[in-house]
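>>> following is a predicted model, sequence given first.
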Amino acid sequence: MGWLTRIAGNWIAQYLTSPLKKTTHIATASQELLNATLQPADVLLVDGNTRLSVPIKYLTQSTWSHAAMYIGGDVLPARESWQMPLVLVEADLKEGVRAVTLAHYAHLNTRICRPVGLNIEDRKRVVNYVINRIGHHYDLKNVFDLARYLFPVAPVPTRLRRRLLTLGSGDPTRAICSTLIAQAFQSVSYPVLPEIKREWLNDPESAECYAEIYHIRHHSLITPRDFDISPFFDIVKPTIQNGFDYRAIAWKETHDDS
C-alpha cells in the first residue's frame, strides 16, 4: 500500500501547489527594484496564489503564505547564459528545497524582511545553510498531514491555528512553513520571534529584580508572518529605499469606470 499513499501524496501536493483561478494580486515592487534592493540573508515574504496559500493565510491570520531567502546573484549562476540567476532558496511542498529566480515571484505582492545587525560571517553561514539543503525532498506518503490543507475554511480556534501547522509527522510541514529559514537563523543564534519571559532574579546584589529571558520557539512553529512582525527584522520597501518622489508620478487624469 506504500505506493498508493505516495501516489495520493503526490496528487495532493500537485493540487495544493496549483495556482488559483480568478485571483487578483498586485506586485508592489518590480523585479528590477527587488534585484536592486535585496541583500544576502534577506527574507522575501510572498502573498501566494496557490490553493495551499489559502489555509496558511487563514491559520496564521496573515497576508503572507510563503517565505524564501535571498542568497545573492553570484552564488548560483544560471544554467545557461540567457537565463536569469537563481537567487532565492525556498522549501516547496512538491519540489522540495530548490533555488528559483526573482521572476518566480515578481508578479506577486512581496515584502522584504532584513535581519538587523547580522555580521558578515554569520550572514554567510545563514546563506550556506539553505544552499546546502538544496535538493532535499519531502516524504509525501503522510497523506493525512497533507489532506488537512484541503479544507481551508474549517473553523479552528485561534489558539490552535499555529499548532495545526505542525500536527502529524512534520515532514510536509517542513515544506509548507518557514522551518528551513528559521533553522538557518537559529544555526547562528539569531532570533526570529522568541518568547520573552520576565523571570525573578534571586540575587541580592543585583539592582534589578527581574530579567528578560529569551526562550527559543521550535522552528516548526515559525510562520511567514513571524518575520513580518519580528522586532529583529527590518521591513525594507524597495520603492522608498531607491528614492521615492511622489512628484515624479505620471498620473492618469481620467478615472476608469471599470
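In hand now; what should we look at? What you are looking at is a predicted structure, and each value in this text was computed from that prediction instead of being measured. Residues are numbered from 1 along each chain as shown.
>>> tell me the confidence at residue 169?
Confidence per residue is given as pLDDT, and for residue 169 that number is 60.
>>> same check, this time on the one 4 residues further on
At residue 173, the model reports a pLDDT of 62.
>>> ok, residue 64 next?
Per-residue pLDDT puts residue 64 at 93.
>>> residue 44 is in contact with that one, correct?
No. Assessed by C-beta atoms under 8 Å, residue 64 is found out of contact with residue 44, at 9.9 Å. Yep, even glycine has a C-beta here, placed from its N, CA and C like the rest.
>>> give me the common contacts of those two.
A shared contact of residue 64 and residue 44, defined by C-beta atoms under 8 Å, 6 or more residues apart in numbering, is any residue touching both; here these are residue 111.
>>> show me what contacts the closest residue to residue 75 other than its chain neighbours?
Sequence neighbours aside, residue 131 is the residue nearest to residue 75 in space, at 6.8 Å (criterion: C-beta to C-beta, 6 or more residues apart in numbering). Under the criterion of C-beta under 8 Å, 6+ apart, the neighbours of residue 131 are 71, 75-76, 89, 99.
>>> then residue 64?
Contacts were defined as C-beta under 8 Å, 6+ apart; by that measure residue 64 touches 45-47, 57, 111, 224-225, 227-228.
>>> point out where this structure drops to low pLDDT.
1-2, 22-25, 78-80, 139, 141-145, 151-177, 196-217, 255-258 (pLDDT under 70).
>>> where along it do the helices fall?
Assigned by DSSP state H, the chain shows helices spanning 2-16, 31-37, 53-60, 120-131, 143-147, 158-164, 171-176, 179-186, 224-229, 238-241.
>>> in a markdown table, list those along with distance to residue 95.
As requested, those are arranged in a markdown table below (distance: least, C-beta to C-beta, whole Å):
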| stretch | distance to residue 95 |
| --- | --- |
| helix 2-16 | 9 |
| helix 31-37 | 21 |
| helix 53-60 | 16 |
| helix 120-131 | 14 |
| helix 143-147 | 15 |
| helix 158-164 | 24 |
| helix 171-176 | 9 |
| helix 179-186 | 13 |
| helix 224-229 | 18 |
| helix 238-241 | 27 |
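>>> out of these, which is closest to residue 137?
Smallest distance to residue 137 across the helices of the chain (C-beta to C-beta): 8.8 Å, for helix 171-176.
>>> which pair of the contacts of residue 64 spans the longest distance?
57 and 227 (14.7 Å).
>>> burial count for residue 94?
Neighbourhood size, residue 94 [other C-beta atoms under 10 Å]: 19.
>>> check the gap between it and residue 59 for me.
Remark: distance between residue 94 and residue 59 (C-beta to C-beta, to the nearest Å) = 20 Å.
>>> can you check residue 108 too?
With the distance defined as C-beta to C-beta, residue 108 ends up 19 Å from residue 59.
>>> next one: residue 6
According to C-beta to C-beta, residue 6 and residue 59 sit 26 Å apart.
>>> pick out whichever of these two has more residues nearby.
Taking residue 6 and residue 59 together and counting by other C-beta under 10 Å, residue 59 has the greater number of neighbours (24 against 15).
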